[in-house]
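What follows is a predicted protein model with its sequence.
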Amino acid sequence: NNKYVVYGLSQGGSEQTTYHVLEVKTGKVTNDKIDRIETAYNSPQWSDNSKGFFYSRRQKLPKDAPATDIYKKTKVYYHKLGTSPDDDKLVAETGLSDKATFSDVDFPSLYLPKKSRHAVLKIKHGDSNPLTLYTAPKRSLLRKNIPWKKICDASQEVNDYDVSGNNIYLMTSHEAPKFKIIETNLRAPNFEKAKTVVPEGDYVIDGLYAAKDALYVGIMDGGFNKVL
């Protein structure tokens, strides 16, 4: 509702990000402060009612733990404004749900597309490009058992995606080395039966964006960047 802004600060180039919340009307910073934020592959996502936001957070390491363990066991939480981060609702973590599985070295994050009733849980597998994606109704995200449905896994080579309403568009190199874009419905996603909306061509597809009026597709054609 544009009353608040979530922003991250990383002191001294440390890449150790802490989230803060600014009240737009007064310019005052609230008491909502969350450290150990994982920012590499995600950004905070406001709930549709603007009462809070979803975010990804690194684990709190024991003193004797290896420093590299900070990149393991990243979790997705929901923070309600005005409450303690210690009380934040856990939404996704390794082993939390048998409907959305991933390893402790993966990076989970949540995307809440506007004007859609569905959320997308993105699993980034380290520096690898192919993603694993799940979806669930937004209204179910704070329930104990979220009814996740798999959209695709890493073997299906989806590198990018976007959502329009109840449809998700997937940029995949599966059986298309220069990439193609396929479409499936978030209510019942089916990768194998997805509709091809932009077939593989002589150019290389390198991005997509679903807007209100059209699907915009970035391509590399003969050394030139173009938009379809």
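Nice, thanks for sending it over.

quick one, what contacts residue 127?
Neighbour list for residue 127: empty [criterion: Cβ atoms under 8 Å, 6 or more residues apart in numbering]. Placement of C-beta: from N, CA and C, glycine included.

oh sorry, the question was meant for residue 216
208, 209, 210, 227, 228.

just residue 117 next, same as before
Contacts were defined as Cβ under 8 Å, 6+ apart; by that measure residue 117 touches 137, 138, 139, 166.

Look up phi and psi at residue 71.
In terms of degrees, to the nearest 10, the main-chain angles of residue 71 are phi -90, psi 10.

Counting neighbours, what do you get for it?
15 (other Cβ atoms under 10 Å).

ok, now residue 87?
Neighbour tally, residue 87, other Cβ under 10 Å: 9.

Derive a PyMOL selection command for the buried subset of the contacts of residue 117.
A single PyMOL command selects the buried members of the contacts of residue 117 (16 or more other Cβ atoms under 10 Å):
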select buried, resi 137+138+166
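
Closest one of the contacts of residue 117 to residue 25?
Nearest to residue 25 among those, counting by Cβ to Cβ, is residue 138 at 26.7 Å.

And the nearest residue to residue 188 once chain neighbours are set aside, how far from residue 218?
Of all residues not flanking residue 188 in the chain, residue 149 sits nearest, at 7.5 Å (Cβ to Cβ, 6 or more residues apart in numbering). With distances taken as Cβ to Cβ, to the nearest Å, residue 149 is found 28 Å from residue 218.

Neighbours of the residue nearest to residue 24 when sequence neighbours are not counted, how many?
Excluding the flanking residues, the one nearest residue 24 by Cβ to Cβ, 6+ apart is residue 3, at 5.8 Å. Using other Cβ under 10 Å, the number of residues around residue 3 comes to 10.

can you pull the contacts of residue 3?
If a contact means Cβ under 8 Å, 6+ apart, then residue 3 has 23, 24, 25, 50 as its contacts.

just residue 82 next, same as before
30, 31, 32.

next one: residue 50
For residue 50, the contact set (Cβ under 8 Å, 6+ apart) comprises 1, 3, 4.

of all these, which comes closest to residue 200?
Once Cβ to Cβ is applied, the member of the contacts of residue 50 that ends up nearest residue 200 is residue 1, at 41.9 Å.

Check which element follows the longest strand seen in the chain along the chain.
Using DSSP state E, we find that the single longest strand of the chain is strand 29-37. Following strand 29-37 in sequence order, the next helix or strand is strand 45-46 (DSSP states H and E).

So which elements touch that following strand?
Secondary-structure packing of strand 45-46 (3 or more Cβ pairs under 8 Å, 6 or more residues apart in numbering; DSSP states H and E): strand 52-57.

Give the rounded mean pLDDT of the strand it packs on.
The average pLDDT within strand 52-57 is 97.

quick check: angle from that strand to strand 29-37?
30 degrees (axes from the mean of the first three to the mean of the last three Cα atoms, to 10 degrees).

Can you give the distance of strand 52-57 from its chain's centre?
Relative to its chain's centre, strand 52-57 lies at 11 Å (Cα atoms, centre = their mean, to the nearest Å).

following that strand, which helix or strand comes up?
Following strand 52-57 in sequence, per DSSP H and E, is strand 75-80.

Quick one: list the elements packing against that next one.
Counting by 3+ Cβ pairs under 8 Å, 6+ apart, strand 75-80 packs on strand 52-57, strand 89-92, strand 107-111.

Alpha carbons of the last one, as CSV, please.
Taking only C-alpha atoms (Å, rounded to 0.1, in the frame of the first residue of the first chain), the coordinates of strand 107-111 have been written out as CSV:
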residue,chain,number,x,y,z
PHE,A,107,18.9,-21.1,-1.7
PRO,A,108,15.1,-20.9,-1.4
SER,A,109,13.2,-17.6,-2.0
LEU,A,110,9.6,-16.6,-2.4
TYR,A,111,8.1,-14.6,-5.2
